[in-house]
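Novice: Here is a sequence together with a model predicted from it:
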Amino acid sequence: MTSHIAQPVALPCGAVLPNRLAKAAMTEGLADAMNRATERHETLYRRWAEGGAGLLITGNVQVDRLHLERPGNIAIDGNGGLDALCRLAKAGTSAGNHLWMQINHPGRQTPSSVNPRPLAPSAIALAAQEAGCGEPQAMTEAQVEDVIARFVHAASVAQNCGFTGVQIHAAHGYLLSQFLSPLSNDRRDSWGGSLENRARILMEIVRGVRQAVGADFPISVKLNSADFQKGGFSDEESMQVVRWLGDEGIDLLEISGGNYEQMCMIGRTDDQMDRAKPLAESTRRREAYFLDYAARVRPLASMPLMITGGFRSRDAMEEGLRAGELDVVGLARPLCVDADICRKLLTGARDRAPSPEDELSIDRAALGPEVDDKTLRTTESWAQVAWSCMQLLRMGNGEDPDLRMSLLEALVGYDANEKAALAALCRS
């Protein structure tokens, strides 16, 4: 039987991915105090490169050191470290696979400990207080233009350092996603109001990057199917943005969804849980969170589609590819516990990707008697993120993942690591 996941993917720019499995972006937290790549990045990405994925996408590389998703992010902001980026690129492409740099600006989702007054499209704070983000200030037009230039510069650096492509992060409630959503963008100038204006910063970045890197260098965009919030960026608006991105000639569109307030990028939202489809539905539709949207957008998309979120069984991946619903399967958390899972899926040695953190839970009593169901679910969601991050830290140190780690242990360890990284950042 033909294996669809093992087939190459020809991109519009002429580049070819050697197979259909991709390691989606995950925050690593391994940068030094100056937000530069380290030997731990090389160790981690060499391990992933040898693990069989045709495409590796880095965790978000920030374009401004004053705006970080967490203190340990890599940033490209006049802080040096280009030799280290070149070494990372070499390690991450050591098996003949692609390595793309994901370029990002968190905007209002910058932690207050990093920047208490982060830039954003508008001065609209996050409703989710537990996110611990700063109080946003509305960007001037000059600041918008500066961010565009920063994205273009970072893409040029990526190309010059040996990365084989870039991905522009316009999902998960970060800055470009904030511009797209009317809930976080109430500007009355040419960067707000109509969808065309709200999408303008993304389109100008894509155009600027293409001009800088040339016609044969892959450019990807990560886009929300929707924010899953009433009045937010809708799936109908997302479809229009997909059409525009097709007109700009991007090479791969990754579909995801959600933000810090609706974290469906790491699992289904409460609303999605309430509307969950019966188990008699296709396995792939029970596994992959965004396939329903992909089916609707597929006729509009002139570029290959990558779907990230929920895929675990090899059968579901094969079925989705065979049906033409997607072109690339994005895997994230499974690679935190088994760096070789893509090779095992490709060879048939395994028929399912692991996600052991999904089986872990937090005892309500450990959080106190006043904790309600929603708080417990939110805490468990963040703890699962922390659990995965702790595994990446171990792998970057050359250690194996610790599958016995509890969610509470992960939260404690993650908090200690972030505080140490923040202290080092402040000293720099």
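Specialist: Thanks, I have the structure now. Residues are numbered from 1 along each chain as shown.

Novice: Contacts only, for the residue nearest to M395 when sequence neighbours are not counted.
Specialist: Taking CB to CB, 6 or more residues apart in numbering, and ignoring the residues beside it in sequence, M395 has L44 as its nearest neighbour in space, at 5.2 Å. All C-beta atoms are positioned from the backbone trio N, CA, C, and that covers glycine. Residues touching L44, when contacts are defined by CB atoms under 8 Å, 6 or more residues apart in numbering, comprise 28, 30, 392, 395-396.

Novice: next one: the strand or helix carrying L44 to chain centre, how far?
Specialist: With elements delineated by DSSP states H and E, L44 resides in helix 39-49, which encompasses its position. Going by CA atoms, centre = their mean, to the nearest Å, the spacing between the C-alpha centre of helix 39-49 and its chain's C-alpha centre is 18 Å.

Novice: With stretch 203-218 instead?
Specialist: Taking the mean C-alpha point of stretch 203-218 and that of its whole chain, the gap between them comes to 20 Å (CA atoms, centre = their mean).

Novice: now swap in stretch 412-428 and tell me
Specialist: 22 Å.

Novice: One more: stretch 143-157?
Specialist: 19 Å.

Novice: Need the residues that contact that stretch.
Specialist: The list of residues contacting stretch 143-157 from outside it, by CB under 8 Å, 6+ apart, reads 61, 63-64, 76-77, 82, 85, 101, 103, 105, 119, 139, 166, 168, 175, 191, 201, 204-205, 208-209, 211-213, 219.

Novice: Neighbours of A123, how many?
Specialist: For A123, the number of neighbouring residues by other CB atoms under 10 Å comes to 13.

Novice: From here on, call the first residue 436.
Specialist: Let's use 436 as the start, then, which means that last one is A558.

Novice: lowest average confidence, helix or strand, in this protein?
Specialist: Least confident helix or strand of the chain, by mean pLDDT, DSSP states H and E, is helix 705-709 with a mean of 35.

Novice: For the helix or strand just after the helix holding L479, buried residues please.
Specialist: Beyond helix 474-484 on the C-terminal side, the first helix or strand identified by DSSP H and E is strand 490-492. Applying a neighbour-count criterion of 16 or more other CB atoms under 10 Å, one finds 490-492 buried in strand 490-492.

Novice: How much space separates L554 from S816?
Specialist: Spatial separation of L554 from S816 under the definition CB to CB, to the nearest Å is 27 Å.

Novice: Between those two, point out the one with more neighbours.
Specialist: Counting neighbours by other CB under 10 Å for L554 and for S816 shows that L554 has the greater number, 25 against 15.

Novice: hang on, isn't the more buried one packed against G542?
Specialist: Yes - counting by CB atoms under 8 Å, a contact exists between L554 and G542, whose distance comes to 6.4 Å.

Novice: Spit out the residues that contact the two alike.
Specialist: Listed as contacting both L554 and G542 by CB under 8 Å, 6+ apart are 502, 571, 610.

Novice: before we move on, back to that, please read off the pLDDT at the residue nearest to M830 from the model.
Specialist: We note a pLDDT of 98 for L479 in this prediction.

Novice: how close does it get to N539?
Specialist: Using CB to CB, L479 is found at 18 Å from N539.

Novice: just R622 next, same as before
Specialist: The value you get for R622 to N539, if CB to CB is used, is 21 Å.

Novice: Kindly report the same for N470.
Specialist: Taking CB to CB, one finds N470 at 13 Å from N539.

Novice: quick one, which of those two is more surrounded?
Specialist: Shown here are N470 and N539; by other CB under 10 Å, N539 has more neighbours (34 against 23).

Novice: how about the more buried one, what does it touch?
Specialist: 495-498, 504, 604, 609-610.

Novice: now do 6 Å
Specialist: Counting by CB atoms under 6 Å, 6 or more residues apart in numbering, N539 touches 495, 497, 604, 609.

Novice: how much space between the second one and P553?
Specialist: Distance of Q497 to P553, computed by CB to CB: 12 Å.

Novice: can you map out the helices along the stretch 736-863 of the chain?
Specialist: Listed from the start of the chain, the stretch 736-863 of the chain has helices (DSSP state H, counting those that start in this stretch) covering 749-757, 769-772, 776-782, 799-802, 808-831, 842-862.

Novice: now for those helices, which one comes closest to M741?
Specialist: Distance to M741, taken as CB to CB, is lowest for helix 749-757 among the helices of the stretch 736-863 of the chain, at 11.2 Å.

Novice: Can you mark which positions in that closest one are buried?
Specialist: Residues of helix 749-757 classed as buried: 749, 751-756 (neighbour count, 16+ other CB under 10 Å).

Novice: Kindly report the same for stretch 853-863.
Specialist: Within stretch 853-863, the residues that qualify as buried are 853, 856-857, 860, counting by 16+ other CB under 10 Å.

Novice: and if you look at stretch 810-819?
Specialist: Along stretch 810-819, these residues count as buried under the neighbour rule (16+ other CB under 10 Å): 813-815, 817-819.

Novice: any chance of those residues in TSV, with pLDDT too?
Specialist: Formatted as TSV, the entries for the buried residues of stretch 810-819 read as follows, by pLDDT from 0 to 100:
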residue	pLDDT
T813	84
T814	88
E815	90
W817	88
A818	93
Q819	92
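
Novice: This completes my enquiry, with thanks.
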